[in-house]
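J.: For reference, the sequence and a predicted model appear below.
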Amino acid sequence: MKASFFRALLPATAFLFLGQALQAQCDGCVPDLTCTASPAYPTLCPASGPDATAGVYYQADFTFWMPATFSDPGTGFTVDLEQITITGVTGLPFGLAFTANEPSGVYYPPQNEYGCARVCGTPIIPGTYTVTIDVLAHVSASGISLDVPQTFSTVLTVLPGSGGNTSFSYAPVNGCGAVTTVFEALIDGSPSPTAYAWDFGNGNTSDAALPPAQTYDEPGTYLVSLQTVIGGYVLGEVILTGVNSNWCGDVEEPNLPIVGCTGSPDLYFVLTDANGGSYTSSTQDNTTTAQWQNVQQLLSTPPYSISFYDEDAVSGDDLLGTFNIPGNGEGTYFINVAGGTTGSLVIANVPQQTFLDSALITVLPLPAVALALNSATGELCAQDNTLAGYDWLLDGAEVPELSGACVTPTGPGLWSVIGTDAAGCSDTSNAVVVCPQFEITRNGAVLQVPSGYLTYAWTYEGAPIGGNDPFLILQGDGLYTVVVDAGNGCELTLSFLHDTTGLEEHTSDPLLVGLFPNPNHGTFTLAGESIRANTLRWSLLDASGRELHHGSIAPNAGRVNAVLSMDLPAGAYLLRLIDDERHAALRVMVR
């Protein structure tokens, strides 16, 4: 009953429990009284909360309905839920607060079946966080009351965040160890010229709307700024170096016989935009050249044309030529139109609006995770035992049953640990080699060590013997040694003293056979030497003496080395061997 009840209880109360950790930061939740389930059972509404985003303020309300009495689906018993007390919460994402509507952390479902919790704050580091909740529940069923401590885990996801302001967007806004952030300018004054001046706070600058991604590889806070300038093309100066003769021949400047044109034109210009709007300059009298400075006309509605005139009070103004201004931006443009009207224009890019915005990029330090082997205790210990979490790895694969700062290795290999601090930053330690531990064992006439390692080098009384095998057939009394290269720098030297002095000999000519590994899973190697018969016969008997399998092996130069494989249940068996008149029996243990 307890297990099935509490598995159901966790989803409905997870956020309630989390609230105890950071009380009074997210007050104000209101239970949703429509939150129920049929049949009655503890229920959370909504069933799961929205993901949080790093760097973005987060707030969500959750309602839990906890019926005082309900039927446990695992047992069918009627369960009375009388009280829940929160005893502890660990693993909260840094920057988020969880607050329940009951400050004491004690709830009485018979008095009020509804509660709520508000989750709020600004998470800092993206990731998937396992939040561990400890509670004590007082329940009763069939007249039996129980106080049951339980530890639960729930997962909260914080997605990578992005930042932004009026001038630019950027993502991510923070990280651990090093951060590579992408920036994009948001203000574009086109068709007006727009200029960007970035200062990324890491020694780099740029003038691009989409600058290269920036890397911040040292812990700290970096101030990023962008100045955006929207300019305008401004007509600043107009110069006439000469005009055609269209001004000659009217009342004001008559063309007299013999004398020709008399007087000089009175010059001015008209600047006209795409919508027909115009600007008329001042007039410069009695001259064929002219210069207008500080015109300062913003060319904001292109295309533009400029027309030059001779001003005549009586006969009407004379058009001396029109120049269509190219839309090529700032610069000096030379005029030569209408058969003799010449000059130039000067157009400048003049700032019209300036925007300045800044933002911060935060790089948090990685935890210092160093791993050492305690030779006295055999434990592996992370040197910083104050971190929030430890994930242990053996040959790169997680070992889920290990979680503390110090652990006892569960096997040989390359060990490392991922340490996570309170801010959610993680780093992986150095690797520590844990070498295998084993001894030489004897099985009949065979010495053996575990198989699967790189090399095996045997000696008998100091002289090399045998091959690169995990076994050796006994040659007689004496000292046997094997050097095993187990990889990862592990080299084990093992010795075995075989001494039969004083022991009764059952036969002066024993059958020298053995098997390995033992115990095994039904597959083992049978090895022997000095076999006389053309075939070595064998049979496998169970504990009652019943024969289960049998067969024969053809020796090679009196030696056998054969793999036998049988589908056997776990237990003890006897392998009987016959070599002419010689017999042997070996015990086989199947796991």
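T.: Sure thing, it's come through. It should be emphasised that the depicted structure is a prediction, and the values quoted were computed from it without experimental measurement. Numbering: from 1, shown residues only.
J.: Any stretches of this structure with poor pLDDT?
T.: Residues of the chain meeting the criterion pLDDT under 70: 1-25, 89, 124, 133, 150-153, 501-508.
J.: which residues touch the residue most central in space within it?
T.: Using CA atoms, centre = their mean, the residue of the chain that lies closest to the mean C-alpha position is Gly127, 6.7 Å off. By CB atoms under 8 Å, 6 or more residues apart in numbering, the contact list for Gly127 reads 93, 157-158, 424. Just so you know, the C-beta spots here come from the backbone N, C-alpha and C atoms, and that holds for glycine as well.
J.: can you pull the buried residues of the helix or strand in which Ala585 is found?
T.: Secondary structure assignment for Ala585, by DSSP states H and E: strand 582-590. Using 16 or more other CB atoms under 10 Å as the burial criterion, the residues of strand 582-590 that qualify are 582, 584, 586, 588, 590.
J.: Would you mind listing the outside residues contacting that strand?
T.: Outside strand 582-590, the residues that touch it by CB under 8 Å, 6+ apart are 443-444, 507, 509-511, 513-515, 518-522, 524, 532, 540, 568-577.
J.: Wait, Val484 touches Tyr456, no?
T.: Yes: when contacts are counted by CB atoms under 8 Å, Val484 is listed as touching Tyr456 (5.7 Å).
J.: if we can go back for a sec, okay, and the beta partners of the residue nearest to the centre of the chain?
T.: With DSSP bridges as the criterion, the beta-bridge partners of Gly127 are Val158.
J.: about what we covered before: any chance of the contacts of Gly127 in TSV, plus neighbour count and distance to Leu299?
T.: Output for the contacts of Gly127, formatted as TSV (neighbours: other CB atoms under 10 Å; distance: CB to CB, whole Å):
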residue	neighbour count	distance to Leu299
Pro93	24	55
Thr157	16	53
Val158	24	51
Gly424	24	54
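J.: Identify, from these, the entry nearest to Val135.
T.: Taking CB to CB as the measure, Pro93 is the one of the contacts of Gly127 closest to Val135, at 20.0 Å.
J.: excluding its backbone neighbours, what's nearest the closest one?
T.: The shortest distance from Pro93 to any residue that is not its chain neighbour, by CB to CB, 6 or more residues apart in numbering, is 4.6 Å, and that residue is Tyr129.
J.: distance between the strand or helix carrying Thr228 and the chain's centre?
T.: For Thr228, the enclosing helix or strand under DSSP H and E is strand 220-242. Offset of strand 220-242 from its chain centre (CA atoms, centre = their mean, to the nearest Å): 42 Å.
J.: And stretch 570-582, by the same measure?
T.: Computed by CA atoms, centre = their mean, the chain-centroid distance of stretch 570-582 equals 58 Å.
J.: coming back round to it: whichever of the contacts of strand 582-590 end up buried, select them in PyMOL.
T.: One line in PyMOL is enough to select the buried members of these, burial here meaning 16+ other CB under 10 Å:
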select buried, resi 443+444+511+513+514+515+518+520+524+540+568+573+575+577
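J.: Show only the entries of the contacts of strand 582-590 found in strands.
T.: Using DSSP state E, the members of the contacts of strand 582-590 that fall within strands are 443, 513-515, 524, 540, 571-577.
J.: Of all pairs in those residues, which one is the farthest apart?
T.: Of all pairs drawn from the ones in strands among the contacts of strand 582-590, the one with the largest separation by CB to CB is Val513 and Gly571; the distance is 21.6 Å.
J.: how's the protein carved up into domains?
T.: Listed by automatic domain parsing, the domain ranges of the chain are 2-159, 162-365, 367-434, 441-590.
J.: what about the third one, distance to the chain center?
T.: Right, domain 367-434. Distance of domain 367-434 from its chain centroid, counting by CA atoms, centre = their mean, is 20 Å.
J.: repeat for the first one
T.: Here the centre of mass of C-alpha atoms in domain 2-159, compared against the chain's by CA atoms, centre = their mean, lies 28 Å away.
J.: still on that earlier bit, let me know the closest of the contacts of Gly127 to Val270.
T.: When the contacts of Gly127 are compared for distance to Val270, the smallest value, 64.0 Å, is given by Val158; criterion: CB to CB.
J.: Nearest to Thr194, out of the buried residues of strand 582-590: which one, please.
T.: Nearest to Thr194 among those, counting by CB to CB, is Val590 at 80.2 Å.
J.: now the closest one, which residues is it bridged with?
T.: With beta bridges defined as DSSP bridges, Val590 has these partners: Asn520, Gly571.
J.: where's it relative to His550, distance?
T.: Shown here: Val590 relative to His550, a distance of 17 Å by CB to CB, to the nearest Å.
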